[in-house]
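*Asks:* have a look at this prediction, sequence included:
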Amino acid sequence: MKLLILDRDGVINHDSDAYIKSVAEWIPLPGAIEAIAQLSKAGWTVAVATNQSGIARGYYDLATLDAMHARLRALVAEQGGELGLVVYCPHGPDEGCTCRKPKPGMLHTIAEHYGADLTKCWFVGDSLSDLQAAEAVGSTPVLVKTGKGLQTSAKELPDSILIFDDLVAVAAELIHK
């Protein structure tokens, strides 16, 4: 199985320090939906692992989050692709859960769902916590310069981190590999 795991905010859609609290605020980044669809059509299973502490903070509810993910699925389907499993951490940063990145709980959930080997997949994110989660399970950590990615790329990062401009560039690399 060719498995690719993506962070959501800043990788697939615009991010906001004020949180994405509604479907109207959930706005895809240029080319991201098409990139997911192209990957899917090329035989990749594309899953999502996203921290969503806005739920714990009371900024939005699970129905709103589900509606955002339904919109994402519909947009990918309109492009002829399919989005795989979407897992999220609804906890706040101080709740001590095992799923909130940089902890790898969500990545393990995805791997168990697909029976996949995480050491053979890429995890694409825009933050240090995304990269740390990937490294914790032996996945290839990939940084995109969208979202908080430019700020993250300015930090001292291990040489093992692959860096791309955006999800479109990641898709091009994986499809033509």
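*Replies:* Cool, got the structure. Numbering: from 1, shown residues only.
*Asks:* the helix ranked longest in the chain packs against which elements?
*Replies:* Assignment by DSSP state H gives helix 62-78 as the longest helix of the chain. For helix 62-78, the contact count by 3 or more Cβ pairs under 8 Å, 6 or more residues apart in numbering; DSSP states H and E identifies helix 32-41, strand 86-89 as packing neighbours. (Glycine included, C-beta is placed from N, CA and C.)
*Asks:* want to throw the ones you listed into TSV with distance to C97 and mean neighbour count?
*Replies:* TSV is the format used below for these (distance: least, Cβ to Cβ, whole Å; neighbours: other Cβ atoms under 10 Å):
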stretch	distance to C97	mean neighbour count
helix 32-41	27	22
strand 86-89	6	20
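*Asks:* could you dump these to a markdown table with distance to K155 and mean pLDDT?
*Replies:* Below are these laid out as a markdown table (distance: least, Cβ to Cβ, whole Å; pLDDT from 0 to 100):
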| stretch | distance to K155 | mean pLDDT |
| --- | --- | --- |
| helix 32-41 | 23 | 98 |
| strand 86-89 | 22 | 98 |
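*Asks:* of these, which is nearest V124?
*Replies:* helix 32-41 (10.1 Å; Cβ to Cβ).
*Asks:* give the next helix or strand downstream of that closest one.
*Replies:* Later in the chain than helix 32-41, the nearest helix or strand by DSSP states H and E is strand 44-51.
*Asks:* end-to-end on stretch 162-169?
*Replies:* Across stretch 162-169, the terminal residues are separated by 11 Å (Cα to Cα, to the nearest Å).
*Asks:* returning to that earlier point: what's the closest of the helices and strands packed on helix 62-78 to A56?
*Replies:* Of all the helices and strands packed on helix 62-78, the one in closest proximity to A56, counting by Cβ to Cβ, is strand 86-89 (9.1 Å).
*Asks:* all strands of this protein, in order?
*Replies:* 2-6, 44-51, 86-89, 122-125, 140-144, 162-164 (DSSP state E).
*Asks:* which residues are contacting the third one?
*Replies:* This points to strand 86-89. Outside strand 86-89, the residues within contact range by Cβ atoms under 8 Å, 6 or more residues apart in numbering are 8, 47-53, 65, 69, 72, 97, 99-101, 105-106, 109-110.
*Asks:* partner strands of it and their direction?
*Replies:* If you go by DSSP bridges, strand 86-89 pairs up with strand 44-51 (parallel).
*Asks:* over to the first one?
*Replies:* When sheet partners are counted by DSSP bridges, strand 2-6 sits next to strand 44-51 (parallel), strand 122-125 (parallel).
*Asks:* again, but for the shortest one
*Replies:* Take DSSP bridges as the rule and strand 162-164 pairs in its sheet with strand 140-144 (parallel).
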